[in-house]
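1. Compute the structure for the input listed below.
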Amino acid sequence: MSTTFTIHTHDNQARTGELHTAHGVIRTPAFMPVGTAATVKGMLPESVKATGADIILSNTYHLMLRPSAELIAKMGGLHKFMNWNGPILTDSGGFQVMSLSKLRTLSEKGVTFQSHLDGTTYELTPERAMEIQYLLGSDISMALDECTPFPATEKQARESMQLSMRWAQRSKDAFIPRPGYALFGIVQGSVYPELRAESAVALKNIGFDGYAIGGLAVGEGQELMFNVLDVTMPHLPQDHPRYLMGVGKPDDIIGAVQRGVDMFDCVIPTRSGRFARAYTHEGEKNIRNAKYKEDNAPLEAGCACPACTHYSRAYLHHLFKADEMLGPMLLTWHNLAFYQRLMQGLREAIAQKRLGAHAHELLASYGRNANEE
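-> Below is the predicted model of the structure:
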């Protein structure tokens, strides 16, 4: 048995559950902080844990380039290397190859590319992606896919999706099954319902431990993203975890949970924290805003993170104005704590079968001040 996924409660399509892995249990719906290069920027691992996170995400592309999967394996694996003893999911690197590498050549075999760091040429195939993630010791490995660009014609999306499905089969063939470790396949097909359905069925026929929905949050907008989820989810197995990759914003997460998604990751809370943007139940706050210069209130009332319990908005404002590194560190901690509190609230609402009302309350409160300049 690889991993076990237990569903506890349904509220319409939404559900709560637990995913048991080699390094611990993930409570779902779950948000995974992004630790791209074996660190969640600005956070100690124990601080990430203190926010309530069960699992973090790292990245195959970045770690294969620096310091290399072989070195991390030599150091005892990624968990030991970065001092995180909980579950780790690693993205397979397909998206980063497409978005970051200087030059790339796509073929049936895989993708050849030049590192964005120093121009060195690498080859990433489904087999190599599985080998890297094995060396890292990832609890959840992702099949290698081509992240279809947006917008794409139906022909482009079909060819890209079908290549990803062939790579998915090769990823499954190369994956080494062992207790507590999982392999997830990735649904592609852009915004075309029939392609999404075809992709989901193909992955289900191959057989994976979990199913991710990729190629969204790439500029298509929330309405189109939700439409794609609506046509994709019915084709995925009900008894396996579903993971919406790279999403997102609080309102995106709420809507996706209502559609039955179990797992999320996004750089938004950490990246926003570095740029003085705080997520609160009343929406986003730009702490650089002059109105906070003499504001002695906590960043968010009721939040137990260090930024809110020990410091004022005025002090946080000062840190950013003075370019002090403590500012991004504190806001990153706060944003990650906000996201984990959001997920805990969603889990509790599903368990109480009041997700609809809870989502309405959240969105009404969040929308009051959603995009403060």
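
2. Phe226 and Val257 touch, don't they?
-> No. At 11.6 Å, Phe226 and Val257 do not qualify as touching, with contact defined as Cβ atoms under 8 Å. From N, CA and C alone the C-beta is placed, and that goes for glycine too.

3. Which one's more surrounded, those two?
-> Val257 (27 against 15; other Cβ atoms under 10 Å).

4. Contacts only, for the residue nearest to the more buried one when sequence neighbours are not counted.
-> Residue nearest to Val257 in three dimensions, not counting chain neighbours: Pro29, with 4.9 Å by Cβ to Cβ, 6 or more residues apart in numbering. Neighbouring residues of Pro29 by Cβ atoms under 8 Å, 6 or more residues apart in numbering: Ala14, Thr16, Ile253, Val257, Val261, Asp262, Met263, Phe264, Met343, Leu346, Arg347, Ile350.

5. As a check, name the ranges of all strands in the stretch 251-373 of the chain.
-> 263-265, 277-280, 283-286 (DSSP state E, counting those that start in this stretch).

6. Quick check, pLDDT for Met1.
-> The model reports Met1 with a pLDDT of 57.

7. Relative to Thr16, how far out is the residue nearest to Val257?
-> 7 Å (Cβ to Cβ, to the nearest Å).

8. anything in contact with each of the two?
-> By Cβ under 8 Å, 6+ apart, the residues touching both Pro29 and Thr16 are Arg347, Ile350.

9. Need the strands of the stretch 251-373 of the chain in a markdown table (columns: mean pLDDT and distance to Ala322).
-> Below are those laid out as a markdown table (pLDDT from 0 to 100; distance: least, Cβ to Cβ, whole Å):
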| stretch | mean pLDDT | distance to Ala322 |
| --- | --- | --- |
| strand 263-265 | 98 | 32 |
| strand 277-280 | 98 | 17 |
| strand 283-286 | 96 | 16 |
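
10. For those strands, give me CSV that also has distance to Thr21.
-> Shown next, in CSV, are these (distance: least, Cβ to Cβ, whole Å):
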stretch, distance to Thr21
strand 263-265, 12
strand 277-280, 27
strand 283-286, 33
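
11. okay, these in TSV with mean neighbour count and distance to Ala182 next?
-> TSV is the format used below for the strands of the stretch 251-373 of the chain (neighbours: other Cβ atoms under 10 Å; distance: least, Cβ to Cβ, whole Å):
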stretch	mean neighbour count	distance to Ala182
strand 263-265	24	11
strand 277-280	23	29
strand 283-286	18	34
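
12. do you know which of these lies nearest Gln169?
-> strand 263-265 (22.8 Å; Cβ to Cβ).

13. Name the helix or strand of the protein that has the lowest mean pLDDT.
-> helix 94-100 (a mean of 83; mean pLDDT, DSSP states H and E).

14. Starting from whichever helix or strand comes after that one, tell me which strands it pairs with and how they run.
-> Note on helix 94-100: by DSSP states H and E, the next helix or strand toward the C-terminus is strand 104-106. Using DSSP bridges, the strands paired with strand 104-106 are strand 111-114 (antiparallel).

15. So which bits of the very next helix or strand once past the partner strand are buried?
-> Once the chain leaves strand 111-114, the next helix or strand it forms, by DSSP H and E, is strand 121-124. By neighbour count on 16 or more other Cβ atoms under 10 Å, the buried set for strand 121-124 is Tyr122, Leu124.

16. now do stretch 214-226
-> Buried residues in stretch 214-226 (16+ other Cβ under 10 Å): Gly214, Gly215, Leu216, Ala217, Val218, Glu220, Gln222, Met225.
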